[in-house]
Every structure is written in C-alpha cells, then in structure tokens.
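Asks: Kindly return the folded structure for what I paste below:
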Amino acid sequence: MQKAKAPEFDHRVFTDKNAIKDKVHTILDGKSSNLVAQDDSAELRGTFFDLKMTKESDIFHVEIGSLNCDRFLAVCRQKLWWVIPVWGSKSDEIPAETQFLLVRIDNKSKGDYKQEKYALILPLLSNNFRSCLESTRGRTYLRVESGSKQAKAQQ
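Replies: Numbering: from 1, shown residues only. Sure thing, here's the model as predicted:
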C-alpha cells in the first residue's frame, strides 16, 4: 500500500486591502491601516508587520481585524508570572493579555491526506514597548505599551 504524499504548501502571508490572508484563506479581516507589512518577502514562511502611528503615546490599541478560523489556542497572562491556555473559535473568545495565538485556518481533506493549516500570531517586543492581543466586540486588537509615561513613541 502506497502512502499518500503530503501536498506542497505556499506559506506566504500578505495583506490585501484591510485583510491578512494566505493564498486562499482570510485569517484576519478589518486590519487597521496603521499596521503595515514589511516588504522583505525573501522568507516565505511568514510576514512581519510594523506599526505606523501619527500621534505620540505610551500605549496604542491597533485593530488587527476579525478572526476567521476553525479553532484557536490562545496563551494569555493570568498573573504577573503565569500564563494559561484558552481554546476558542471566535474573536470574542480571545482573552486580554494574550501572548500568542495559534490559529487553525482550514481543516479539509485532500485525498488520503488530511490537510490542516495553522497560523501563529505572535506579538513581539520592540525598543521599550511590549505587545499583546485582546478582543472587544468581535474585533481583535494589538495592544502596544511601554508601561511608562516617560517612554513614548510615534512609531
């Protein structure tokens, strides 16, 4: 018996107007224009986004859109030094202080091979700022903050 060959995947993630998507699926829809994809697409396994803001502040809330997925795993900060897993399927279920979000985009079969596609949304540190994910009224937000009124940034 011959084992089914896994299909080749195109891992590129890009923005199309106000959506973040791969070749076929929209992952987040309704992205803020302040979130700009970096143009160095030499690596096809993901995309980094920069935050471009017009006002100076120590905290920013940037909409990254409404989540489109089958399921997700969110790891969120519960206490200062502890994180817990939370599972869900809608943007409303993303808890505050989410440190990363593992999203199952598609769960369809192709022949004998079960194809599951995942995306990882990972807020990163930059300069004096940390970031996390949260949701309000079905929309997902990136919260970027310095934790100090003296540490302000425009970008």
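
Asks: Nearest the middle, which residue of this protein would you pick?
Replies: By CA atoms, centre = their mean, the chain has its centre lying nearest to I121, at 3.0 Å.

Asks: quick one, what contacts the nearest residue to that one once chain neighbours are set aside?
Replies: Spatially, and ignoring its direct neighbours in sequence, I121 is nearest to L101 (4.2 Å; CB to CB, 6 or more residues apart in numbering). To be clear about C-beta, it is placed using only N, CA and C from the backbone, and glycine gets the same treatment. By CB atoms under 8 Å, 6 or more residues apart in numbering, L101 lies in contact with 72-74, 94, 120-122, 133.

Asks: Closest one of those residues to I59?
Replies: Nearest to I59 among these: L133, at 14.5 Å, using CB to CB.

Asks: Per-residue pLDDT of the residue nearest to the centre of the chain, please?
Replies: What the model reports for I121 is a pLDDT of 90.

Asks: again with M53
Replies: 78.

Asks: Count the residues that sit near it.
Replies: By the criterion of other CB atoms under 10 Å, M53 has 14 neighbours.

Asks: part of a strand, is it?
Replies: No - M53: not assigned to a strand; according to DSSP: H, G, I helix; E, B strand; the rest coil it is coil.

Asks: Quick check, it in contact with S33.
Replies: No - counting by CB atoms under 8 Å, M53 does not reach S33; the two are 10.9 Å apart.

Asks: Any chance of the contacts of L101 in TSV with secondary structure and distance to V83 as columns?
Replies: Shown next, in TSV, are those (DSSP: H, G, I helix; E, B strand; the rest coil; distance: CB to CB, whole Å):
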residue	secondary structure	distance to V83
F72	strand	15
L73	strand	12
A74	strand	10
I94	coil	14
L120	strand	15
I121	strand	15
L122	coil	13
L133	strand	13
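
Asks: From these, pick the one nearest D16.
Replies: I121 (17.0 Å).

Asks: Could you pull up the mean pLDDT of stretch 90-103?
Replies: 93.

Asks: how long is that stretch end to end?
Replies: Distance between the two ends of stretch 90-103: 10 Å, counting by CA to CA, to the nearest Å.

Asks: Buried residues, that stretch. List them.
Replies: Under the neighbour-count criterion of 16 or more other CB atoms under 10 Å, stretch 90-103 has 91, 94-95, 98, 100-103 buried.
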